[in-house]
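*Asks:* Need a 3D model of the sequence below.
(2 chains)
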Amino acid sequence: MLETEFTPIASLMGGALIGLSAVILMTSHGRVAGISGIVSRILPPAVDTKGMPQGLTFIAGLLLAAPLWFGIAGQAPVVAISNNMALLGLAGILVGFGSVLGNGCTSGHGVCGISRMSARSMIATATFMTTGAVTVFILRHVLGG
Amino acid sequence: MHFFSTLFAGLFFGTGLILSGMANPTKVQNFLDIFGTWDPSLAFVMGGAILVTAPGFWFAQKRITPFFHDMFHLPTRKDIDARLVTGAAIFGIGWGLGGLCPGPAVTSLPFASSGVLVFVPAMLVGMTLAKFTALPSRKVITT
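*Replies:* Below you'll find the model as predicted:
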């Protein structure tokens, strides 16, 4: 149940689509496709009203992806998520807080930043990959959840 | 055209997350579980994305301005500070705990699974908290 299939081709193609999205956003609006940035900019305080329409339409596009996938593929995307709600609440707070404090997440640092050869993004990516791996190790192999 | 570009960018991003398996929290946690049920697929997601983004950004910046805006908004900071590393470390812990980061969390919202419905509001609270604590330095950037 815990195991997932190794999907190099689908993952590579999905990654390429994410890259295409980042290039579209850069060529059209000159913006880095960092999801934490796009989402957090429309939150208080210091709401970015100028970038609001672009941010909201991008988020609308994100929200359309899964229903469209369902409509075309005929089945919902596989989403196997923990049923520990307290854990997910804590995870959400840490992800939100950490991504804003560190100015980026998997997309902004991991994809766009590394593509720009940004040293800050490389350090950030190495850091969150490491703490992520340590967290999963403790969660699964030490606590045995 | 202006809004279609961002709408399609979002749509492609979300579809890429689903196709790649990154929208599946268990797959993300398996990528991070090197000593357990390791699934290296997500390295291919990053690889595929960077293979397109790196040359794409290079070409994009050959233009003086983007198509629908008067300037490129690129991060200019080069220094590695404690905030960057602390933020990334905290983000990674949350990423490992739930197997979700902001993109897949938003993409998974329409199916309204209880886990995502707990995660996303918590994430928005975390983001707002960080924006309040980081207010002094933020002000310099936004004005």
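*Asks:* what about the helices in the chain?
*Replies:* Unless you meant another one, I'm taking chain A. Ranges of helices within chain A are A:8-29, A:35-40, A:52-73, A:85-101, A:114-115, A:119-137, based on DSSP state H.
*Asks:* was after chain B, sorry
*Replies:* Counting by DSSP H, the helices of chain B are B:2-20, B:25-32, B:41-60, B:82-98, B:102-108, B:114-133, B:135-142.
*Asks:* So is the third one next to chain A?
*Replies:* Same thing as helix B:41-60. Yes - counting by Cβ under 8 Å from any Cβ of the partner chain, chain A is contacted by helix B:41-60 at B:41-42, B:44-54, B:56-57, B:59-60. The C-beta positions use only the backbone N, C-alpha and C, and glycine is treated the same way.
*Asks:* Could you identify which of the helices of chain A is most buried?
*Replies:* helix A:35-40 (a mean of 26; mean count of other Cβ atoms under 10 Å in any protein chain shown).
*Asks:* Name the spans of chain A whose pLDDT lies under the cut-off.
*Replies:* A:1, A:145 (pLDDT under 70).
*Asks:* quick revisit: as JSON lines, the helices of chain B with mean neighbour count would be great.
*Replies:* JSON lines is the format used below for those (neighbours: other Cβ atoms under 10 Å in any protein chain shown):
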{"stretch": "helix B:2-20", "mean neighbour count": "24"}
{"stretch": "helix B:25-32", "mean neighbour count": "26"}
{"stretch": "helix B:41-60", "mean neighbour count": "21"}
{"stretch": "helix B:82-98", "mean neighbour count": "24"}
{"stretch": "helix B:102-108", "mean neighbour count": "30"}
{"stretch": "helix B:114-133", "mean neighbour count": "21"}
{"stretch": "helix B:135-142", "mean neighbour count": "10"}
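*Asks:* Would you mind telling me which of those helices is nearest B:Phe72?
*Replies:* helix B:41-60 (7.9 Å; Cβ to Cβ).
*Asks:* Let me have the helices of chain A in CSV, adding distance to chain B as columns.
*Replies:* Listed next are those as CSV, based on distance: least, Cβ to the nearest Cβ, whole Å:
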stretch, distance to chain B
helix A:8-29, 3
helix A:35-40, 4
helix A:52-73, 2
helix A:85-101, 3
helix A:114-115, 4
helix A:119-137, 3
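*Asks:* Adding distance to B:Leu84 as columns, could you present these in CSV?
*Replies:* Below are the helices of chain A laid out as CSV (distance: least, Cβ to Cβ, whole Å):
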stretch, distance to B:Leu84
helix A:8-29, 21
helix A:35-40, 13
helix A:52-73, 23
helix A:85-101, 8
helix A:114-115, 14
helix A:119-137, 6
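*Asks:* what's the closest of the helices of chain B to A:Val134?
*Replies:* So among the helices of chain B, helix B:82-98 is nearest, using Cβ to Cβ, at 7.3 Å.
*Asks:* what's the nearest residue to B:Gly14 if we skip its chain neighbours?
*Replies:* In space, and not counting its chain neighbours, B:Gly14 is closest to A:Ala65: 2.6 Å by Cβ to Cβ, 6 or more residues apart in numbering or on different chains.
*Asks:* That neighbour contacts B:Ser20, correct?
*Replies:* No - using Cβ atoms under 8 Å, A:Ala65 is not in contact with B:Ser20; the gap is 11.8 Å.
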